[in-house]
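Peer 1: Could you look at this predicted model? Sequence included:
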Amino acid sequence: MEVANTTPGFGLLLGFRQKAPAAQGYGGYYAECLAQVQEAEALGFQSVWLSEHHCTLDGFLPSPLVAAAAIAARTSRIGIGTGVLALPLHHPLRVAEDAAVVDLLSGGRFLLGVGQGYARREFEAFGVDRRQRPELLEDGIAIIRTAWEQGRSGFQGASRRLPDLPFGPRPERRVPIYVGAVSRPAVERAVRLADGLIVYCGRAGDFAERWRLLRQVLAGRGEQGRRLPFVATGILHLHEDAGRAWREAAPAIAYLEGALARDAGRDGTTAAERPRRGDFLVGAPDEVAEALARLHREVPFDQFAFWGRLPGLTHEQALRSMRLFSSEVAPRVRARARR
């Protein structure tokens, strides 16, 4: 998958998670999520991005590369990316192998998005020193690129030393590696190492700050003219009735925002109590299209991907929102971007 930087593209962000306690068996839930991706491809969405978390009560997807392979087998055009895989929790050679297989199975539609991770419980569960996240991420990216480009595993870095052995099969093209980043040090690292930047913000207004930070970092390196692809991922939900859209989405937003705060070590109570409707891209298609077009003028993202199924929504509610976006929102935003 290549992320274009002309008119914006649009995608789905999937975590395969249900609001705890689960309302249905996960076999059926996974089948619905895969069916949604197939419909997204038919509707013209450019991409699907697979998030990752571990040790949760809501089934948050722990194996995005496995899911990516399943999607590759069921689709033929849509781009498939991880958004993002917590690289320090994995052995990078294993990631290089699995990602190469996904790219080969998909016919070159894969993009590897990685980040350093943040949830303390995950590092404890996998026995990884959380303080080593930056060097594990940097060494991991270097190991993956060396394996893909040179077909060898040998590496010596700050956190890992690997013997020089053959690596294969290799991708038949240069697979892009994007980095998820929010803080200044993470963005600086992404600018040095990545082919693109992935940013998650629940509140649409927060993207502007992230965009300004990216431009500041590039300017500080004397790279003001560099166009680093910017993938914005977040929350969006539609219904023909704006009030109903908010009634459907608000409990899920409270759930998401509270869980995100707790995973980051903050008090999730306030975030979960009363999300403000004006902070989120939720409503009827005309108002959301206008808001997203304004956002693109301020933050010229290359792709915008939103949660394909907010926790607690039914399959039918998620499909309705996705169809409305494809038919009524995406064309308006693209038309505005071409002016």
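Peer 2: On my side now, so go ahead.
Peer 1: show me what contacts residue 79?
Peer 2: 1, 2, 3, 11, 46, 47, 48, 109, 110, 111 (Cβ atoms under 8 Å, 6 or more residues apart in numbering). In short, each C-beta sits where N, CA and C put it, glycine included.
Peer 1: go with 10 Å
Peer 2: 1-3, 9, 11, 41, 45-49, 106, 108-111, 303 (Cβ atoms under 10 Å, 6 or more residues apart in numbering).
Peer 1: Tell me how far residue 25 lies from residue 74.
Peer 2: 20 Å (Cβ to Cβ, to the nearest Å).
Peer 1: Which one's more surrounded, the two?
Peer 2: residue 74 (13 against 10; other Cβ atoms under 10 Å).
Peer 1: so of the contacts of residue 79, which ones are in strands?
Peer 2: 9, 11, 47, 48, 49, 110, 111, 303 (DSSP state E).
Peer 1: right, and the helix or strand after the helix or strand of the chain with the lowest mean pLDDT?
Peer 2: Least confident element among the helices and strands of the chain, by mean pLDDT, DSSP states H and E: helix 269-273 (a mean of 55). Sequence order places strand 281-283 as the next helix or strand after helix 269-273, per DSSP states H and E.
Peer 1: I'd like the ones in strands among the contacts of residue 79 laid out as JSON lines, including pLDDT and distance to residue 182.
Peer 2: Output for those, formatted as JSON lines (pLDDT from 0 to 100; distance: Cβ to Cβ, whole Å):
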{"residue": "9", "pLDDT": "97", "distance to residue 182": "22"}
{"residue": "11", "pLDDT": "98", "distance to residue 182": "19"}
{"residue": "47", "pLDDT": "98", "distance to residue 182": "20"}
{"residue": "48", "pLDDT": "98", "distance to residue 182": "22"}
{"residue": "49", "pLDDT": "98", "distance to residue 182": "16"}
{"residue": "110", "pLDDT": "98", "distance to residue 182": "24"}
{"residue": "111", "pLDDT": "98", "distance to residue 182": "19"}
{"residue": "303", "pLDDT": "98", "distance to residue 182": "17"}
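Peer 1: ok, so of those, who is nearest residue 309?
Peer 2: residue 48 (11.7 Å; Cβ to Cβ).
Peer 1: Wait, residue 12 touches residue 310, no?
Peer 2: No. Using Cβ atoms under 10 Å, residue 12 makes no contact with residue 310, being 11.5 Å away.
Peer 1: Determine the residues that are contacts of both of those two.
Peer 2: In contact with both residue 12 and residue 310: residue 318, using Cβ under 10 Å, 6+ apart.
Peer 1: Please report how far residue 243 lies from residue 292.
Peer 2: 19 Å.
Peer 1: The two - which one has more neighbours?
Peer 2: Ranked by neighbour count (other Cβ under 10 Å), residue 243 and residue 292 place residue 292 first, with 25 against 11.
Peer 1: give me every residue that touches the more buried one.
Peer 2: 8, 10, 204, 232, 236, 281, 301, 304, 306, 325, 329-330, 332-333, 336 are the contacts of residue 292 under Cβ under 10 Å, 6+ apart.
Peer 1: cutoff 8 Å now
Peer 2: 204, 236, 281, 304, 329, 333.
Peer 1: Which of the ones in strands among the contacts of residue 79 sits closest to residue 218?
Peer 2: Closest to residue 218, out of all of those and judged by Cβ to Cβ, is residue 303, at 18.9 Å.
Peer 1: how deep is the spatially closest residue to that closest one that is not a sequence neighbour tucked in, by neighbour count?
Peer 2: Leaving out its chain neighbours, the residue that sits closest to residue 303 by Cβ to Cβ, 6 or more residues apart in numbering is residue 9, at 4.4 Å. Neighbours of residue 9 under the rule other Cβ under 10 Å: 23.
Peer 1: can you check residue 249 too?
Peer 2: Neighbours around residue 249, by other Cβ under 10 Å: 28.
Peer 1: re earlier: select only the buried ones of the contacts of residue 79 in PyMOL?
Peer 2: Buried residues among the contacts of residue 79 (16 or more other Cβ atoms under 10 Å), as a PyMOL selection:
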select buried, resi 1+2+3+9+11+41+45+46+47+48+49+106+109+110+111+303
